[in-house]
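Participant: Any chance you could fold what I've pasted below:
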Amino acid sequence: MTATATGTGTPSRPDVIVIGGGLHGCSAALHLSMRGVRVLVLEKDHVARHASGVNAGGVRQLGRHVAELPLTVAAMALWHRIGELVDDDCGFESHGQVKVAETEAELATLHARVAELRALGFSHEEVVGRDELRSLVPAIADHCVGALVSRGDGAAIPFRTTFAFRCKAIALGARFQEGGAVTRLARRGGLWSVETADGARHEAPVVVNCAGAWADRIAAQVGEPVPLEVIAPMLMITARVPPFIKPVVGATGRTLSFKQFPNGTVLIGGGLLGRAVRDENRTELDFAQVSVNARTVWDLFPAMRGATIVRAWAGIEARMPDQIPVIGPSGTEPGLYHAFGFSAHGFQLGPIVGRITADLITGGATDLPIAAFRIGRFAGAAGTIAA
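Facilitator: Predicted coordinates:
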């Protein structure tokens, strides 16, 4: 494994090539490097350029799809010692996450959710009533009747987190090459040949597809087309206001992710969508939807009615039709693994998905259940949903 990149004269025979320098790609690089695997990460722009650098930073178990529950619990254990893993606390704070119920009917759905989780053996979510909700979130509007709470949840700083994984992976021997999109992937004689737009060609026996909103194009090259949808979740941030809230707050009947930073600014999001133009690396805001988010905050937090919105933006993300990611080995080619399509809620899973990927590559199996995330579940689907 001492070959050189075509036309560059630099070493290019790693054990594993990771395509994509978002959090999941950086996490895979770190966990593989921790096991002595030589890793090259290829990123078409720069690390954390898209979803991994501009999301809301929620670190939540709350409200997860049941297939994700074992992964989210395992990921949270890593988050609570994240400094040991990446030598940086990533701005992680654990003040809980709260999903507010505005009506008794919404509260009933939360009770049903907790009963479902208890039956599956999970106890991290609980329903609280009006009084406990107000002790957790004193500023909540009077009409709110209760909430679903996950007390171990929290939030971190996405850009800082992704770079912490990158830096620790580099310290352990991983290499990163940025600014060259992968244009061709082919398997020849037991090796993957990966060509990039800057004219380089790299080879390795194993490839990991962590290409985010571009991952469907990688998968299609090896005969695994998937119905990936490119989306642009929007966020906005306010000018500083006096500190008034610690947990991250969502809503049961509306789209919301609401948190205050230590400096007083308030982040508002939750998944309402702008427009992604992935071939131009840009997004367009939908101001009608931005106003919907603002109205939700107006209704739920009267103290925010005088706040000033100073900026709004959207990242480029990949969503799958069933709202859960693709994680695991290729169904068509040996030596190829996928981790993409996290559907705007993959940030918290980043640390554990990297570990799962390393488990599969170095040991052939993982101790966490990932069958629900196999790429083969989309076999026969009619291609991709274009942006």
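Participant: Please look at Leu30 and Cys167 and confirm they touch.
Facilitator: No - using C-beta atoms under 8 Å as the test, Leu30 is too far from Cys167 to be in contact (9.3 Å). Bear in mind the C-beta positions are built from the backbone N, C-alpha and C, glycine included.
Participant: so what's in contact with the two at the same time?
Facilitator: Val86 (C-beta atoms under 8 Å, 6 or more residues apart in numbering).
Participant: of the two, who's got more company?
Facilitator: A count of neighbours by other C-beta atoms under 10 Å puts Leu30 above the other of Leu30 and Cys167, at 26 against 17.
Participant: Name the helix or strand for that one, please.
Facilitator: Using DSSP states H and E, Leu30 maps to helix 23-34.
Participant: State the next helix or strand along the chain beyond that helix.
Facilitator: The helix or strand immediately downstream of helix 23-34 is strand 39-43, counting by DSSP H and E.
Participant: That next one vs helix 23-34, what angle?
Facilitator: 160 degrees (axes from the mean of the first three to the mean of the last three C-alpha atoms, to 10 degrees).
Participant: now for strand 39-43, which elements pack on it?
Facilitator: Secondary-structure packing of strand 39-43 (3 or more C-beta pairs under 8 Å, 6 or more residues apart in numbering; DSSP states H and E): strand 16-19, helix 23-34, helix 158-171, strand 175-178, strand 201-204.
Participant: ok now it, how far from the chain's centre?
Facilitator: 18 Å (C-alpha atoms, centre = their mean, to the nearest Å).
Participant: what's the average pLDDT for that strand?
Facilitator: On average, the pLDDT along strand 39-43 is 97.
Participant: Output it as CSV, nothing but the C-alphas.
Facilitator: C-alpha atoms of strand 39-43 as CSV (Å, rounded to 0.1, in the frame of the first residue of the first chain):
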residue,chain,number,x,y,z
VAL,A,39,-7.5,6.7,6.3
LEU,A,40,-7.8,9.2,3.6
VAL,A,41,-10.8,11.6,3.7
LEU,A,42,-11.8,13.2,0.4
GLU,A,43,-14.0,16.3,0.8
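Participant: Name every sheet partner of that strand and say whether each one runs parallel or antiparallel.
Facilitator: The pairing partners recorded for strand 39-43 under DSSP bridges are strand 16-19 (parallel), strand 175-178 (parallel).
Participant: Work out the gap between whatever helix or strand comes next after it and the centre of the chain.
Facilitator: Note on strand 39-43: by DSSP H and E, the next helix or strand toward the C-terminus is helix 51-54. The chain centre lies 8 Å from the centre of helix 51-54; the measure is C-alpha atoms, centre = their mean.
Participant: Please enumerate residues in contact with helix 51-54?
Facilitator: Everything outside helix 51-54 that qualifies as a contact, by C-beta under 8 Å, 6+ apart, is 22-24, 26, 47, 158-159, 162, 212-213, 233, 235, 313-318, 342, 344, 346-347, 350.
Participant: Equivalent analysis for stretch 111-123, please.
Facilitator: Taking C-beta under 8 Å, 6+ apart as the rule, stretch 111-123 contacts 63, 66, 69, 73, 124-127, 148.
Participant: Which members of those are classed as buried?
Facilitator: 63, 69, 73, 124-125, 127, 148 (16 or more other C-beta atoms under 10 Å).
Participant: Let me have the contacts of stretch 111-123 in TSV, adding secondary structure as columns.
Facilitator: Formatted as TSV, these follow (DSSP: H, G, I helix; E, B strand; the rest coil):
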residue	secondary structure
Gly63	coil
Val66	helix
Leu69	helix
Val73	helix
His124	coil
Glu125	coil
Glu126	strand
Val127	strand
Leu148	strand
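Participant: Quick check: which ranges of the stretch 101-250 of the chain have low pLDDT?
Facilitator: Judged against pLDDT under 70, the stretch 101-250 of the chain has no low-scoring part.
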